[in-house]
Every structure is written in structure tokens, then in C-alpha cells.
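Student: Below are the sequence and a predicted model for it; my questions follow.
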Amino acid sequence: MLIAPSLLSCDFSVMGEEIERMDKSGADYMHLDVMDGHFVPNITFGAPVIKTVRKYTEKPFDVHLMISEPLKYIEDFANAGADIITFHIESDSDVQETIDKIKACGKKPGLVIKPNTKAEEVFPYLKDLFMVLVMTVEPGFGGQSFMADMLPKVKEIREEANKVNPELLIEVDGGIGEATIKQAYDAGVDVCVAGTAVFKADSATEAINNLKALCK
Ligand code: DX5
Ligand code: ZN
């Protein structure tokens with residue numbers, strides 16, 4: 001299981017150092033939550049901030065766009081140093097065009113579905129994707145409870161991907177911790193985002209090790 005700490009729960013006054021700390025703690029990806037106050041009822045940061053903190057690690061930047069018009073900003077996030085760019089199928093941008101744009105920028109595309117969106121909505125795009133992110137909370141805030149009823153969607157997507165794109169990674173985001181990660185692993189998840197569980201722990205190294213150890 002890969003672990004992607006969500007910087008949403010970091011100390012933003014020292015965001016670069018927090019990224020360094022996650023790097024040393026065994027994080028696989030840095031998960032960066034971009035919110036525009038329109039697609040979701042919260043505002044975080046954009047491409048300029050991501051660019052500033054890019055130098056603190058060589059690990060991949062997994063940029064989760066919770067914004068209404070992702071297509072408009074793909075180039076900005078690519079130039080800022082994103083490696084994986086995930087955007088919501090429920091956004092206003094054309095899905096295929098946005099995937100193509102991410103690829104044209106040399107980055108890895110991912111499609112995200114909110115809790116009310118069915119798994120089959122992503123099926124037409126699976127062959128073109130690096131990742132599908134299944135939200136296990138309503139996007140917008142850290143620290144919410146894990147929705148275990150999203151896991152059947154992971155299984156559906158895994159089954160379909162096995163036919164058209166076996167390399168596809170499935171990520172879940174929201175409420176992942178020691179009490180929930182095993183269920184995600186059993187459902188076939190490859191990457192778990194974890195905000196609260198990693199950043200609020202006394203030792204991020206221990207937290208990440210413990211999460212990984214539960215996946216067997
Ligand atoms: C929610 C964000 C998540 C969030 C997860 O909209 O996409 O990445 O930070 O936080 P936890 O792990 O605390 O639920
Ligand atoms: Zn996220």
C-alpha cells in the first residue's frame with residue numbers, strides 16, 4: 001500500500017518543512033488538495049504555492065484539484081511541478097479534453113468521483129488514466145469519517161480496469177486511519193491518502209509504518 005499524506009492537515013506556516021518531514025517519514029506521494037471555494041465550500045492554495053514547495057522533496061506530487069474548471073489550470077499545475085493531476089468528473093470541464101491536456105503536459109491523469117457518483121461513470125476513461133480516486137468522504141475538509149460503503153466502487157473499478165488497463169492505480173481519500181485502512185486494502189486499493197492520521201500522530205514515521213503494516 002502506498003501512503004500519500006494530505007498536506008491539508010500540515011502546519012501551513014512551515015509547509016516546506018512539513019513536506020521534508022513527510023519525505024523522511026516514508027511517505028510515497030505528497031497529496032496536495034487544491035480547493036477553489038466554488039466546487040467545494042473551502043479554499044486552500046493554488047499553483048504558486050505548489051511551485052514554492054516543490055523543492056522540498058523528490059517524491060511525486062499528487063495534486064487533487066477540487067475546482068470547477070480544472071482544464072483552465074492544468075498547465076499552471078504542470079508547470080508548478082505536479083506529477084499526478086487528479087480532477088473531478090463532476091467538474092464543469094470536458095473530461096476527455098482535460099485528460100488529454102494533462103497527458104500533453106507530460107503528467108499522469110487521474111479522475112476523481114465524489115460519494116454520490118457511480119463507479120461506472122469512469123469506465124469510458126479507464127484506458128487513458130493513471131489513477132482513479134474514489135472519495136471516501138464528501139470533499140472539502142479533513143478529519144471526516146470514512147464511508148465504508150464506497151468500497152464496492154473500488155471493486156467495480158478494479159474489475160473493469162483489469163480488462164482495459166491493469167496498471168491503473170486506485171486511490172481512496174478521506175477518513176483513512178488504523179481503523180479503516182485494512183478494509184481499503186481488502187477492496188483492492190493501491191494508494192491511501194491520509195491527513196489527520198499522519199499529521200496529528202506524535203511520530204509520522206510510526207503512523208505510516210503502522211498503516212502499511214495493517215495491509216496484509
Ligand atoms: C478532503 C481532502 C482529503 C483530506 C483527507 O477533501 O481531499 O485529502 O485532507 O483528510 P483526512 O485523512 O483527515 O480525512
Ligand atoms: Zn484529497
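Tutor: Received the coordinates, thanks. Ligands and ions are numbered 1, 2, ... in the order given.
Student: Any idea what the closest residue to ligand 2 within the chain is bridged to?
Tutor: Closest approach between the chain and ligand 2, counting by CB to the ion: residue 64, at 3.8 Å. Backbone N, C-alpha and C define where each C-beta goes, glycine included. On the basis of DSSP bridges, residue 64 is bridged to residue 33, residue 86.
Student: Tell me if I'm right that it and residue 34 touch.
Tutor: Yes - here residue 64 reaches residue 34: they are 6.6 Å apart, a contact under CB atoms under 8 Å.
Student: thinking again about what came up before, run a quick neighbour tally on the residue of the chain closest to ligand 2.
Tutor: Using other CB atoms under 10 Å, residue 64 has 28 other residues around it.
Student: Residue 86 versus that one, what's the distance?
Tutor: As judged by CB to CB, to the nearest Å, residue 64 and residue 86 stand 5 Å apart.
Student: Quick check: neighbours shared by those two?
Tutor: Common contacts of residue 64 and residue 86 (CB atoms under 8 Å, 6 or more residues apart in numbering): 112, 133.
Student: From residue 4, how far off is the residue of the chain found nearest ligand 1?
Tutor: Going by CB to the nearest ligand atom, ligand 1 is nearest to residue 195 of the chain, at 2.9 Å. Residue 195 is 10 Å from residue 4, where distance means CB to CB.
Student: Tell me the residues of this structure that contact ligand 1?
Tutor: Within the chain, the positions adjacent to ligand 1 are 6, 8-9, 31, 33, 64, 137, 139-144, 173-176, 193-197 by CB under 6 Å from any ligand atom.
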